[in-house]
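Student: Provided below are the primary sequence and the corresponding predicted coordinates.
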Protein chains: 2
Amino acid sequence: MRAEVITIGDELLIGQVVDTNSAWIAQKLNEQGIELYQITSVHDSREHIIAALDEAFGRVDVVLTTGGLGPTKDDITKHVLCEYFGTHLIEDARVRAHVERLYADRPDVLNRLTATQWMVPERAEILENRVGSAPLMVFHKDGKILASMPGVPYEMKIAMEEQILPYIGRTTASIIHKTLQVNGISESALAILLEEYENSMPSSLHLAYLPKDGIIRLRLSAYGDCSEAEMAQWFERLKELTADYLVAETDEPLEMVLGRLLTARHQTIATAESCTGGKLASLLSKHPGSSAFYFGSIVSYDNSVKEQLLSVPQEMIQTHGVVSEEVVKVMASTVRKQIGADFAIATSGIAGPTGGSEAKPVGTVWIGWSTPTETYAECFHLGKLREQITDRACIKALVKMIKIVRESK
Amino acid sequence: MRAEVITIGDELLIGQVVDTNSAWIAQKLNEQGIELYQITSVHDSREHIIAALDEAFGRVDVVLTTGGLGPTKDDITKHVLCEYFGTHLIEDARVRAHVERLYADRPDVLNRLTATQWMVPERAEILENRVGSAPLMVFHKDGKILASMPGVPYEMKIAMEEQILPYIGRTTASIIHKTLQVNGISESALAILLEEYENSMPSSLHLAYLPKDGIIRLRLSAYGDCSEAEMAQWFERLKELTADYLVAETDEPLEMVLGRLLTARHQTIATAESCTGGKLASLLSKHPGSSAFYFGSIVSYDNSVKEQLLSVPQEMIQTHGVVSEEVVKVMASTVRKQIGADFAIATSGIAGPTGGSEAKPVGTVWIGWSTPTETYAECFHLGKLREQITDRACIKALVKMIKIVRESK
C-alpha cells in the first residue's frame, strides 16, 4: 500500500513554518508497513489543491492531507474537499456537542466562526478530533481513501495515532529499517569499506548513507521478500564491518544512546556550557526518563558566571583566553563536583558571527570531559555558521562521552 | 516567476530526516520576489524523479532540486538528470582541482568514489560548490531552468546564496509579507475582531492566521498591485486593531524580540530551569548578539541542584512540592542575584510522561519572573505531550517577560 501526504498552507511555501508533520507521519506509516511515496506541499488555493489531489490519486492508494481546517477565511480545505468529492456541508450534532464541550469554559471561542467547525461534508465519514474543533474527515474514491487532518502538529499526531492509522488498518506488506551510526570515517571511505558487502546484498535490501555533522547514519532497508532473520544477519555483518567506527547500533539520537548507557550503569552526568548555551542541557533533558541520569547544567554564557559559579580563575581567562584547554577543564571538573554527578561535559567556543581572531577563528571550540578519575579536553574547528557550530559541538561532546563511559569501569 | 522545490531522498519519506531545506529556500525565494509554488519530496528512484521533473516543468519556470549528489551508490540524482536532459558525464578539470584542493589534507577521502564527483553532465552549466565536493548543476529546457544542489543544509545554503539565487536573478514581480504576533485571544475571536478589516481589504492583499502554542501570527501578504505605502497603511491599521493583544510587530522568534528589547535598554537576563531543562537558555543564546543581554542559566534538573545552587530550602520542597509557586519564586530571585542579571525567569513543571498526580497532572508548569523590584509567579496547564509542554512553557515565559520588561522603567 502506498500513501502520499499533501500539506496545505501558504505558510509552508513562504518558509514561515518548517513542515515537521510529514516526517512524523512518514515514520508512523513505515511502522505500519505503508510506504510513503511522496510528500507534496501546496498553497491554500482551490485550483492548486484540486490539481494535487488528482495527481496523488494517480500515484497512491491513501492520501493524507494536513492543514487548512481552521475557522478563519484563509482556511479552505474543507470547502475544496466538498467540491472535489461532489458533496456539501451539513451540521453534525456529535461534532457540535464535542466543540461546545471543548470550549464550555471559553465563551469567547464559542462564536459564529467556531460554529462553522461543526458543518461537515455530507458524504464524508467523520472521526473524532479529541483535542481540537476541526473534524477529521475520511473520503472514499474508487477504492482509495483520503483522510483530512488539522495542521497543528499535536492535534495531527493524536488524530493519526488514535483515529486515522487504526482506520487505514495494518497491511500485510512489510518494510523493515535498521540503522547504525558511525563516526571518524569519511562517507566515501566507508562506501569503499562496504563495497563488497553492498555488491553481495540481495535486491530486496538497500543500504543508504546519511552523513550529518560528522556522524554517518547507515540505514539498511528490507522491502518485501527479505525475512526478518535474513535482515538481522545482514545487519550483524554491517556492525562487524564498521566496528572500529561504531557509535550506536540504533537510529536513536546520541543523547538517548548516552542516557541509556548511563541509566543502565546507574551513573549521572552534568554539563557546563558556554558556546552551546544550554543546547546540551536541552538535549540531555529532552527525552522521557532523563531525570534518571541527567542532573543539570551551569550555562555560563557570560564570563562572570564562569568565574563565580564555575571557579574559573580570572587570571586563567586573561592568560589563556576563555576558549582554551585550561578553562574547559576547570569548567568540566568544577561542574561535576558542584552538581555531584559521575561525569561532566564542558564547552567553550566561538560561535560567531563575531568574536573570532586569527589564532582562534569563528568555529574554534574546546570541549572538556570529566570523569571521577580524569579530565580530558580537545579542540575542534566546526565550520563557520553559528547553528552548525553549536550543533556539531554537541555531537562531538556526546560521541566522546559515549566512548569514555563505555570504556570506564 | 514561479518555482518548485523537489527534495530527493528516501530518508525524507521514511521520516528519518525533517526537511528544513524547503522552508529556508522558500524564504530566500520570497525575498527575491519569486513565488514558491510547490514543494515535492520524492524517493531516490529514477522513475519517481523523472515523473516529478515532468510535472514540475508543467507548473513552474524554475525547478530547484536538493539531495542525491553524494558519492555513494544510493545517490542517483546526477545520473537521472543526465538521462532526463539527454546528456552524459565528462570529467571537469575545474571541479577536479577544487575537490583535490578541498581534501588535500585528507587522503582517506580522495579515493575513487570521491573521484566520481568531478564527473559532470556535458550539457549542464557547472557552478562552484565552495564548501563541498558535489558540483552545482544548472540545466535549461524550453526557457525554463533546473538547478541541482546538495541536500546537506549548510552546503545547500551557501550554494543558494552565492550561486543559484544570483543566477536566477532578481525578478520584477514583488511579494511583500509582514507579520505580527498576538497572544491572549482565540483565533476565531480574533477573526471576528478583524472581520470588517478583512472584508474591506483589496484583492491584492491577503491575511493569514497561524496559531501555534498560544501565539497567533497574523501574516499580511501583498501580491502584485499593492504598493509598499499602501501595504504599510494596512499593516498599521492591523496593529491598531490588535493593540490589546500585540506581542511583537515582526515575525521574529520571541527570544529575539526579548533580546532586542533588553539590548536597547542595556539590560540583561538569566534563567533557572527545571522542566524546560536548558531549552530557554538554548533559545536565548541562539541568535548572534545574544551575549549582550543573556548571562546564563542554572539548569537544576535534579532537586539537589535546586537546593545547592539555587538556595531552595529542602523544607520548602517537602511542604509545597518542587512544582510550586514558592519554589519558582526562590529559583527566579536567586538566579537573578547569583548571576547578576536585571531580570530572571524560572520554570518548574511536570513534563511527563510520568510524575503527574491528581493535584498536579502532567502539563502543570509554574513559571517565575524576577525583576529588581518584584518577583511574580503563575501556574499553567500546557497539555500532555512532553515536547509541547516544554515548548509552550518557553513561550509563556517569554511572552510575560517581554511585557514585564516593556512596562518596567
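Tutor: Cool, the structure landed.

Student: low-confidence ranges, chain A, go.
Tutor: A:170-175, A:224 (pLDDT under 70).

Student: quick check: domain ranges of it?
Tutor: A:2-168, A:175-248, A:254-407 (automatic domain parsing).

Student: in stretch A:281-297, what's buried?
Tutor: For stretch A:281-297, the neighbour count (16 or more other CB atoms under 10 Å in any protein chain shown) marks A:281-287, A:290-291, A:293-297 as buried. For the C-beta atoms, the positions are set from N, CA and C on the backbone; glycine is no exception.

Student: same thing with stretch A:391-404?
Tutor: For stretch A:391-404, a neighbour-count test (16+ other CB under 10 Å) marks A:391-402, A:404 as buried.

Student: for stretch A:52-68, same thing?
Tutor: A:52-53, A:55-57, A:60-68.

Student: hang on, the earlier thing: including distance to B:Gly184, could the domains of chain A go into CSV?
Tutor: Formatted as CSV, the domains of chain A follow (distance: least, CB to CB, whole Å):
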stretch, distance to B:Gly184
domain A:2-168, 10
domain A:175-248, 39
domain A:254-407, 27
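
Student: which one of the ones you listed lies closest to B:Glu91?
Tutor: domain A:175-248 (17.2 Å; CB to CB).

Student: that closest one close to chain B?
Tutor: Yes: interface with chain B: domain A:175-248 contributes A:175, A:177, A:179, A:185-189, A:191-192, A:198, A:206-212, A:217, A:219, A:221 (CB under 8 Å from any CB of the partner chain).

Student: what about burial for the residues you listed, which qualify?
Tutor: When the residues of domain A:175-248 next to chain B are checked for burial by 16+ other CB under 10 Å, the buried set is A:175, A:177, A:179, A:185-189, A:191-192, A:206-212, A:217, A:219, A:221.

Student: can I get the host helix or strand of A:Gln27 in CSV, CA atoms only?
Tutor: Assessed by DSSP states H and E, A:Gln27 sits inside helix A:21-31. As requested, the backbone C-alpha atoms of helix A:21-31 are provided in CSV (Å, rounded to 0.1, in the frame of the first residue of the first chain):
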residue,chain,number,x,y,z
ASN,A,21,4.4,16.8,10.3
SER,A,22,5.4,14.9,7.2
ALA,A,23,8.5,13.3,8.7
TRP,A,24,6.5,12.2,11.7
ILE,A,25,3.7,10.8,9.6
ALA,A,26,6.3,9.1,7.4
GLN,A,27,7.7,7.2,10.5
LYS,A,28,4.2,6.1,11.6
LEU,A,29,3.3,4.9,8.1
ASN,A,30,6.5,3.0,7.8
GLU,A,31,6.0,1.3,11.1
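
Student: which of the buried residues of stretch A:52-68 are close to chain B?
Tutor: A:52, A:55.

Student: out of the buried residues of stretch A:52-68, flag the one nearest to chain B.
Tutor: A:Glu55 (6.7 Å; CB to the nearest CB).

Student: A:Ala23 and A:Lys157, how far apart?
Tutor: Relative to A:Lys157, A:Ala23 is positioned 12 Å away (CB to CB, to the nearest Å).

Student: sorry, wrong one. I was asking about A:Leu261.
Tutor: A:Leu261 sits 29 Å away from A:Lys157, going by CB to CB.

Student: then A:Ile39?
Tutor: A:Ile39 is 17 Å from A:Lys157, where distance means CB to CB.

Student: who has more neighbours, the two?
Tutor: Between A:Ile39 and A:Lys157, counted using other CB atoms under 10 Å in any protein chain shown, A:Ile39 has the larger neighbour count: 27 against 18.

Student: now that one. Nearest residue, chain neighbours left out?
Tutor: Once flanking residues are discounted, A:Ile39 sits nearest to B:Ser41: 3.8 Å by CB to CB, 6 or more residues apart in numbering or on different chains.

Student: which elements pack onto the strand or helix carrying the one you found?
Tutor: Using DSSP H and E, B:Ser41 maps to strand B:35-42. Applying 3 or more CB pairs under 8 Å, 6 or more residues apart in numbering or on different chains; DSSP states H and E, one finds that strand B:35-42 contacts helix A:10-13, strand A:35-42, helix A:46-59, strand B:2-8, helix B:10-13, helix B:21-31, helix B:46-59.

Student: I'd say A:Pro121 and A:Val138 touch.
Tutor: No: the pair A:Pro121 / A:Val138 is not scored as a contact, 10.1 Å apart, by CB atoms under 8 Å.

Student: these two: which has the busier surroundings?
Tutor: Set side by side, A:Pro121 and A:Val138 show unequal neighbour counts under other CB under 10 Å, the larger going to A:Pro121 at 24 against 16.

Student: roughly how far does the more buried one sit from chain B?
Tutor: Distance, A:Pro121 to chain B, by CB to the nearest CB, to the nearest Å: 20 Å.

Student: quick one: stretch A:368-375 to chain centroid distance?
Tutor: 30 Å (CA atoms, centre = their mean, to the nearest Å).

Student: give the buried residues for it.
Tutor: For stretch A:368-375, using 16+ other CB under 10 Å, the buried residues are A:368-371, A:375.

Student: among the residues you listed, which two are most distant?
Tutor: Across these, the longest distance by CB to CB is 11.0 Å; it joins A:Gly368 and A:Thr371.

Student: spit out the residues that contact A:Pro121 and A:Val138 alike.
Tutor: Shared contacts of A:Pro121 and A:Val138, defined by CB atoms under 8 Å, 6 or more residues apart in numbering or on different chains, are absent.

Student: A:Ala222: how many residues sit nearby?
Tutor: Residues near A:Ala222, counting by other CB under 10 Å: 23.

Student: list the residues that contact A:His88.
Tutor: A:82, A:121-122.

Student: try it again at 6 Å.
Tutor: By CB atoms under 6 Å, 6 or more residues apart in numbering or on different chains, the contact set of A:His88 is A:82, A:122.

Student: what's it sitting at in phi/psi?
Tutor: Main-chain dihedrals, A:His88, degrees, to the nearest 10: phi -140, psi 170.

Student: roughly how far does it sit from chain B?
Tutor: For A:His88, the distance to chain B (CB to the nearest CB) stands at 22 Å.

Student: A:Lys306 now?
Tutor: A:Lys306 is 9 Å from chain B, by CB to the nearest CB.

Student: give me the next element, helix or strand, following the host helix or strand of that residue.
Tutor: Here A:Lys306, judged by DSSP H and E, is contained in helix A:303-310. Once helix A:303-310 ends, the next helix or strand along the chain (criterion: DSSP H and E) is helix A:314-320.

Student: with just CA atoms, put that following helix into CSV.
Tutor: The C-alpha coordinates for helix A:314-320 follow below in CSV (Å, rounded to 0.1, in the frame of the first residue of the first chain):
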residue,chain,number,x,y,z
GLN,A,314,40.2,35.4,36.3
GLU,A,315,43.9,35.1,35.6
MET,A,316,43.4,31.9,33.7
ILE,A,317,40.9,33.6,31.4
GLN,A,318,43.3,36.6,31.0
THR,A,319,46.3,34.3,30.2
HIS,A,320,44.8,31.6,28.1
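
Student: before I go, just wanted to say thanks for your time.
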